[in-house]
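> What shape does this take:
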Amino acid sequence: MKMSRDEVQLMFVKAKPFLAVVFLQAALAGMDIIAKAALNQGMSNYVFIVYRHAVATIVIAPFAFLLEKKIQRPKMTLVIFFKIMLTSLFGPVISQNLYFLGMKYTSATFIASMTNVLPAVTFVIACLLRHEKVKMTSTHSQAKIIGTLVSIGGAMIMTLVRGPNLDLPWTRGNHQDNHKNGEDFNNPIKGALMIAIASFAWAGFMISHAITLQTYPAALSLTAWICMLGTVEGAALALIMERGNSAVWSIKWDTKLLGAVYSGIFCSGITYYVQGIVLKERGPVFVTAFSPLSMVLVAVMSSFILSEKMYLGRVIGAIVIITGLYLFVWGKKKDYESPLVEDQEMSVHQSTNAGDAVNA
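Residues are numbered from 1 along each chain as shown. The predicted structure is shown next:
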């Protein structure tokens with residue numbers, strides 16, 4: 001059966017939020033590999049975050065000025081500015097700095113386990129703030145809850161269950177064990193606390209971003225503001241933490257620069273903007289529910305790019321994650337439809353009916 005142009009357009013409209021969040025996780029998966037390489041070369045995590053958001057500001061600000069020049073931007077009041085400042089403090093400053101610092105004090109296993117609790121944390125906070133619709137008697141709401149828990153369980157399996165090596169052809173030349181070296185595990189409680197706060201701060205960033213968009217709906221301009229304030233706040237923190245060590249600010253044409261540029265353009269600039277669009281349409285829980293997918297993408301990319309060994313536990317965990325995401329997406333789709341999708345769907349149906357009337 002041949003699909004009409006309007007039906008294809010409607011299908012694309014419905015698929016856009018899902019394609020967007022998959023893009024977000026793919027960009028973040030790439031950052032995990034590139035940023036880790038930059039930090040392994042001795043780059044300060046404080047300076048890295050400053051350069052990352054400085055690059056994002058330089059790239060996004062001109063587009064925000066030109067593309068949103070014709071729309072009526074809301075007046076920048078003190079309340080809106082405070083919301084933006086709080087949003088940039090949660091994400092670019094608190095969450096990201098504590099995440100990178102926590103890597104030094106605890107194991108990769110704990111980091112992966114803790115950060116994949118993010119969907120559940122966001123879900124609970126969003127429900128308390130009434131930003132997420134939940135009816136415990138509804139099958140679709142139950143599917144959202146179960147799907148979120150299943151995805152987290154899959155992430156835990158990928159982290160904790162190793163299993164036999166699958167001995168893939170492109171990994172046979174790598175005889176190194178994939179455990180990290182050089183970390184200081186003498187303060188595991190300190191590291192655990194940092195990662196826990198970072199996870200809660202990122203959940204706060206998502207919800208604060210969604211709340212700010214309600215009063216300042218110019219998504220591109222808001223992204224520029226978040227990146228700029230993140231740069232200023234991050235620079236203030238970096239100057240305090242790295243005082244007397246001016247050498248950490250030097251950067252050359254190497255992996256450090258690549259990490260800052262890639263993270264700035266894709267993981268701060270574009271990601272914050274796309275994230276804002278999806279937040280307006282689907283809410284913070286929808287965005288964070290796909291976070292475990294990043295773990296799957298990192299495992300696949302590491303296997304092909306870095307020739308890291310692939311273990312059965314990772315494959316089983318990936319399958320469980322995808323199953324959980326399917327349950328969540330089904331529940332989210334049926335629980336309520338996005339107004340934007342409904343409006344566009346109605347316009348498509350109206351144009352189709354009008355075309356049928358003309359042909360008749």
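
> Show the subsequent helix or strand relative to whichever strand or helix holds Gly154.
Element membership for Gly154 (DSSP states H and E) is helix 139-160. Next along the chain after helix 139-160, taking DSSP H and E as the criterion, comes helix 188-215.

> in the helix holding Gly154, what counts as buried?
140-145, 147-159 (16 or more other C-beta atoms under 10 Å). Glycine gets a C-beta too; all of them are placed from N, C-alpha and C.

> same for it, what does it pack against?
Here helix 139-160 touches helix 108-115, helix 118-128, helix 284-289, helix 291-305, helix 312-335, going by 3 or more C-beta pairs under 8 Å, 6 or more residues apart in numbering; DSSP states H and E.

> any idea how far it is from the chain center?
17 Å (C-alpha atoms, centre = their mean, to the nearest Å).

> now the angle from that helix to helix 118-128?
Here helix 139-160 runs at an angle of 150 degrees relative to helix 118-128 (axes from the mean of the first three to the mean of the last three C-alpha atoms, to 10 degrees).

> Specify the angle between helix 139-160 and helix 312-335 in degrees.
160 degrees.

> Pull out the CA atoms of helix 139-160 and give them to me as CSV.
The C-alpha coordinates for helix 139-160 follow below in CSV (Å, rounded to 0.1, in the frame of the first residue of the first chain):
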residue,chain,number,x,y,z
THR,A,139,-1.8,0.6,31.9
HIS,A,140,0.1,3.2,30.0
SER,A,141,1.4,5.0,33.1
GLN,A,142,2.4,1.6,34.5
ALA,A,143,4.3,0.9,31.3
LYS,A,144,6.3,4.1,31.7
ILE,A,145,7.3,3.2,35.2
ILE,A,146,8.1,-0.4,34.4
GLY,A,147,10.0,0.7,31.2
THR,A,148,12.1,3.1,33.2
LEU,A,149,13.0,0.5,35.8
VAL,A,150,13.8,-2.1,33.2
SER,A,151,16.1,0.3,31.3
ILE,A,152,17.9,1.0,34.6
GLY,A,153,18.1,-2.7,35.2
GLY,A,154,19.7,-3.2,31.8
ALA,A,155,22.3,-0.6,32.5
MET,A,156,23.1,-2.3,35.8
ILE,A,157,23.5,-5.6,33.9
MET,A,158,25.9,-4.0,31.4
THR,A,159,27.9,-2.6,34.3
LEU,A,160,27.9,-5.5,36.8
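
> which helix of the protein spans the most residues?
helix 5-40 (DSSP state H).

> State the next helix or strand along the chain beyond that helix.
Using DSSP H and E, the helix or strand that follows helix 5-40 in sequence is helix 45-67.
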